[in-house]
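# this is a predicted model, with the sequence first.
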Amino acid sequence: MKPAKILVVDDETDLERLIKQRFRKKIIAKQLDFIFVKNGVEAIKKLETKDAVDMVLTDINMPEMDGLTLLTRLPEIDQTLKAVVLSAYGDIPTIRVAMNRGAFDFITKPIDFQDLEITIDKTLNFVKQIREQKEKLQQALEQLRYEAFYDPLTGLPNQNYILGRIRQCIQCREQKNSLFAVLCVSLDGFKAVKYGLGHALSDRLLVEVARRLETYTDPTDMVARCGTDEFAILLTDLPNFKQAENKAEQLRQVLRTQFKLNGCVVSSNIYIGIVNSTIDYNQPEDFLRAADTAMNYAKMPGKPNIVVFDTGMQASILERLQLEADLQRAIEQQQFHLNYQPIVSLSTGKIVGFEALVRWQHPGRGWVSPEKFIPLAEETGLIIPLGKWVLSEACRQLSVWQEQFSQRLPLSISVNLSGIQLWNPDVLKSIDEILNSLSLSGSHLKLEITESILMDKESEATAVLDQLKQRQIQLSIDDFGTGYSSLAYLQSFPIDTLKIDRSFISGIEQQETNLDITRTIITLAHTLELDVIAEGVETQEQLDILRALGCEYGQGYLFSPPLEGAAVVNFMAELELFG
């Protein structure tokens with residue numbers, strides 16, 4: 001601990017000797033350190049050095065600069081510094097003048113050293129408290145400034161900070177004709193991690209993304225976090241705008257490389273919007289908004305992952321944002337309904353189950369294609385409440401049919417499960433609640449998942465699928481053949497059924513390649529003791545080929561289009577098909 005420094009300003013030579021004698025023990029113990037000068041001028045010079053002084057003992061009458069003048073100068077040097085006046089002039093007017101000039105206390109000469117020791121202790125404690133309070137206030141102000149301009153999770157500058165930098169770039173553009181660009185970056189897979197693996201890992205993912213972006217940008221550029229899963233990048237001093245597109249592609253490749261988070265392997269599509277400084281905007285908010293618009297445009301079906309902004313994009317994005325709001329409202333108001341497409345045994349012609357297909361009849365837009373709203377629901381996380389409703393409604397309908405068609409049992413219901421749903425920590429709890437509320441066995445439920453879901457998080461998938469199998473729930477790979485189609489993962493996961501994608505069934509009568517692929521999938525499935533369902537069966541010839549190849553089940557317009565729940569009752573009342 002450093003000794004308290006006391007500056008003694010007095011031209012009396014005996015005072016230095018008396019103080020050193022009186023406070024000898026504290027000086028030796030390094031509790032106090034006295035510095036002696038002859039007048040105010042010397043005091044000012046000493047105070048202006050780097051060594052901090054904790055208090056001042058000053059006389060009034062001194063050559064060159066007296067003590068009263070010194071008192072008025074002290075706040076200019078250090079507002080926390082306090083001075084005690086030592087003077088033979090102890091009359092009330094002198095004391096009042098000294099106190100008005102800023103003296104903390106006043107001791108008359110000849111000095112009572114016991115009183116001086118008490119006064120020194122009191123003054124030093126007061127100065128210590130003031131400085132501690134000032135330090136805490138400074139820390140609080142620095143924290144407020146940090147929170148105002150930095151993201152606490154990633155440590156990156158936030159939107160406020162980058163807007164200020166963009167404003168500077170706009171000014172430089174007008175003065176020096178310098179080129180800059182603003183990029184907006186979004187991770188498609190963030191919500192899958194957040195809803196599937198929890199907030200801790202999703203936060204880890206954001207931190208990892210921030211570090212990669214910092215690593216692969218130049219020191220003159222700025223990376224900022226401007227939204228939950230969105231980052232903005234300011235590229236400055238560009239030689240040309242092609243450089244901005246090249247940098248965007250480099251960053252996209254960098255972020256597409258898998259992230260390893262506590263044993264979980266996460267990969268994601270990356271979408272980047274770019275706005276160049278040639279656009280006629282004068283406000284930094286407009287640049288950031290334009291880059292965000294381009295990024296959202298990149299997310300639209302059929303668009304490239306990297307998009308340069310133009311004003312024509314805004315109408316499309318507004319429509320998409322409106323659709324998102326409508327989707328939220330549709331879930332809240334239960335505007336959805338289910339259609340059911342029969343799954344038929346190809347050997348007996350009997351119906352063995354139905355696939356539940358969600359439909360949205362928008363009050364203003366009319367029928368909205370699932371290809372349009374399902375990806376949006378997954379991107380926004382709305383697939384969680386929507387998927388839960390689909391599963392609940394499908395199981396409810398199955399329980400009704402089981403009572404109506406008890407003589408035709410067993411019947412199963414197939415429900416598609418997205419990756420976000422599968423990785424949701426509450427997925428097993430939700431399924432249990434639905435099955436228990438309907439007294440429905442898990443053996444009557446078949447969950448359809450895609451290959452990519454399993455491959456993205458193989459170890460986690462095994463754990464979740466094993467728990468589903470413990471509930472006797474059947475598992476099916478949907479659209480098989482369009483993804484990885486790996487024998488290794490088919491052997492490692494507890495799969496029951498492969499569904500051959502309709503793209504292979506279409507034209508199977510004429511296209512040798514489709515026939516060979518279909519035959520190979522069926523042979524592979526049977527080798528692994530799995531059942532096969534062929535999707536998109538539309539002609540008798542396709543049916544005959546699939547029967548000849550040993551395919552167990554079929555689904556398609558040859559048997560029936562997707563039906564309303566009420567229409568299924570009439571359909572089931574008819575004679576068995578293709579027996």
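Structure's in. What do you need?
# nearest residue to Ile107 other than its sequence neighbours?
Nearest non-adjacent residue to Ile107, counting by CB to CB, 6 or more residues apart in numbering: Leu86, 5.3 Å away. In this view, the C-beta of every residue, glycine as well, is placed from N, C-alpha and C.
# and for Leu57?
Leu57 sits nearest to Val8 (CB to CB, 6+ apart), 4.7 Å away.
# how about Lys388?
Ser430 (5.5 Å).
# the one you found contacts Trp389, correct?
No - between Ser430 and Trp389 no contact is recorded; they are 10.5 Å apart, counting by CB atoms under 8 Å.
# shaky segments in the stretch 51-200 of the chain?
Within the stretch 51-200 of the chain, the stretches with pLDDT under 70 are 189, 191-192, 195-197.
# with the chain instead?
In the chain, residues with pLDDT under 70: 50, 189, 191-192, 195-197, 263, 408-409, 455-459, 481-489, 574-579.
# for it, longest helix please?
Of all the segments of type helix in the chain, defined by DSSP state H, the longest one is helix 113-149.
# give me the residues contacting the helix or strand that comes right after it.
Note on helix 113-149: by DSSP states H and E, the next helix or strand toward the C-terminus is helix 159-176. Defining contact as CB atoms under 8 Å, 6 or more residues apart in numbering, one finds that helix 159-176 is touched by 148-150, 157, 178-180, 182, 222, 224-226, 232, 234, 236, 277, 281-285, 287-288.
# how many residues are close by the residue nearest to Leu57?
Val8 has 20 neighbouring residues, counting by other CB atoms under 10 Å.
# repeat that for Pro562.
So Pro562, with other CB under 10 Å, has 18 neighbours.
# how about it: what's its closest non-neighbour residue?
The shortest distance from Pro562 to any non-neighbouring residue, by CB to CB, 6+ apart, is to Asn339 (3.6 Å).
# got phi/psi on Gln361?
The phi and psi torsions at Gln361 (degrees, to the nearest 10) take the values phi -100, psi 100.
# try the one 4 residues further on
The phi/psi pair for Arg365 (degrees, to the nearest 10) reads phi -80, psi -20.
# grab the nearest non-local neighbour of it.
Using CB to CB, 6+ apart, the closest residue to Arg365 is Asp326 (7.4 Å).
# and Leu47, by the same measure?
In space, Leu47 is closest to Ile77, 4.9 Å off (CB to CB, 6+ apart).
# what does Lys26 give?
Counting by CB to CB, 6+ apart, Lys26 lies nearest to Leu32, which is 4.4 Å off, once chain neighbours are set aside.
# distance of the one you found relative to Ala52?
For Leu32, the distance to Ala52 equals 14 Å [CB to CB, to the nearest Å].
# could you do Thr108 as well?
In terms of CB to CB, Thr108 sits 28 Å off from Ala52.
# and if you look at Ile449?
68 Å.
# looking at those two, which is more packed in?
Neighbour count, other CB under 10 Å: between Ile449 and Ala52, Ile449 has more, with 24 against 12.
# tell me which element that one falls in.
Counting by DSSP H and E, Ile449 is part of strand 445-450.
# by contact count, what packs against that strand?
If contacts are counted by 3 or more CB pairs under 8 Å, 6 or more residues apart in numbering; DSSP states H and E, strand 445-450 sits against strand 412-416, helix 419-422, strand 474-480.
# which of the ones you listed sits most buried?
Among these, helix 419-422 has the highest mean neighbour count (mean count of other CB atoms under 10 Å), at a mean of 24.
# just want the angle from the helix or strand that that helix is followed by to strand 412-416.
Next along the chain after helix 419-422, taking DSSP H and E as the criterion, comes helix 427-437. Counting by axes from the mean of the first three to the mean of the last three CA atoms, to 10 degrees, helix 427-437 lies at 150 degrees to strand 412-416.
# surely Ala298 and Ile270 touch.
No - counting by CB under 8 Å, Ile270 is not a contact partner of Ala298; they are 9.2 Å apart.
# for these two, list the residues in contact with both.
Shared contacts of Ala298 and Ile270, counting by CB under 8 Å, 6+ apart, come down to Asn305.
# count of neighbours near the closest residue to Asp54 other than its chain neighbours?
With CB to CB, 6+ apart as the criterion, Asp54 has its nearest non-adjacent residue at 4.6 Å, and that residue is Ala4. By the measure other CB under 10 Å, the count of residues near Ala4 is 21.
# before we move on, back to that, Glu245: which of the helices and strands packed on strand 445-450 is closest?
Smallest distance to Glu245 across those (CB to CB): 30.3 Å, for helix 419-422.
# dump the C-alpha coordinates for the closest one into PDB.
Extracted in PDB, the C-alpha atoms of helix 419-422 (Å, rounded to 0.1, in the frame of the first residue of the first chain):
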ATOM      1  CA  GLY A 419     -34.900 -29.700 -37.500                       C
ATOM      2  CA  ILE A 420     -35.900 -26.900 -35.300                       C
ATOM      3  CA  GLN A 421     -38.600 -29.000 -33.700                       C
ATOM      4  CA  LEU A 422     -36.400 -32.000 -33.300                       C
END
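# for that helix, name the packing helices and strands.
helix 190-197, helix 383-404, strand 445-450, helix 451-456.
# in the second one, what's buried?
When you say that, I think you mean helix 383-404. Buried residues in helix 383-404, counted by 16 or more other CB atoms under 10 Å: 383-384, 386-388, 390-399, 401-402.
# tilt between that helix and helix 427-437?
30 degrees.
# could you give the angle of helix 383-404 to strand 445-450?
In terms of direction (the same axes, to 10 degrees), helix 383-404 departs from strand 445-450 by 140 degrees.
# what does helix 383-404 contact?
Helix 383-404 is contacted from outside by 195, 331, 334, 336, 338, 340, 354, 356, 358, 374, 377, 409, 411-413, 415-418, 420-421, 424, 430-431, 434-435, 438-440, 444-445, 565, 568-569, 572, using CB under 8 Å, 6+ apart.
# at 6 Å instead, please
195, 331, 338, 356, 358, 377, 413, 415, 418, 420-421, 424, 430, 434, 438, 440, 565 (CB atoms under 6 Å, 6 or more residues apart in numbering).
# with only the CA atoms kept, save that helix in PDB.
Extracted in PDB, the C-alpha atoms of helix 383-404 (Å, rounded to 0.1, in the frame of the first residue of the first chain):
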ATOM      1  CA  ILE A 383     -42.400 -23.600 -36.700                       C
ATOM      2  CA  ILE A 384     -42.300 -24.500 -33.000                       C
ATOM      3  CA  PRO A 385     -45.900 -23.500 -32.100                       C
ATOM      4  CA  LEU A 386     -47.200 -24.400 -35.600                       C
ATOM      5  CA  GLY A 387     -45.500 -27.800 -35.500                       C
ATOM      6  CA  LYS A 388     -46.900 -28.500 -32.100                       C
ATOM      7  CA  TRP A 389     -50.400 -27.700 -33.300                       C
ATOM      8  CA  VAL A 390     -50.000 -29.900 -36.400                       C
ATOM      9  CA  LEU A 391     -48.900 -32.900 -34.300                       C
ATOM     10  CA  SER A 392     -51.700 -32.400 -31.700                       C
ATOM     11  CA  GLU A 393     -54.400 -32.000 -34.400                       C
ATOM     12  CA  ALA A 394     -53.100 -35.000 -36.400                       C
ATOM     13  CA  CYS A 395     -53.100 -37.200 -33.300                       C
ATOM     14  CA  ARG A 396     -56.500 -36.000 -32.300                       C
ATOM     15  CA  GLN A 397     -57.900 -36.900 -35.700                       C
ATOM     16  CA  LEU A 398     -56.300 -40.300 -35.600                       C
ATOM     17  CA  SER A 399     -57.900 -41.100 -32.300                       C
ATOM     18  CA  VAL A 400     -61.300 -40.200 -33.800                       C
ATOM     19  CA  TRP A 401     -60.700 -42.500 -36.800                       C
ATOM     20  CA  GLN A 402     -59.600 -45.300 -34.500                       C
ATOM     21  CA  GLU A 403     -63.000 -45.200 -32.900                       C
ATOM     22  CA  GLN A 404     -64.800 -44.900 -36.200                       C
END
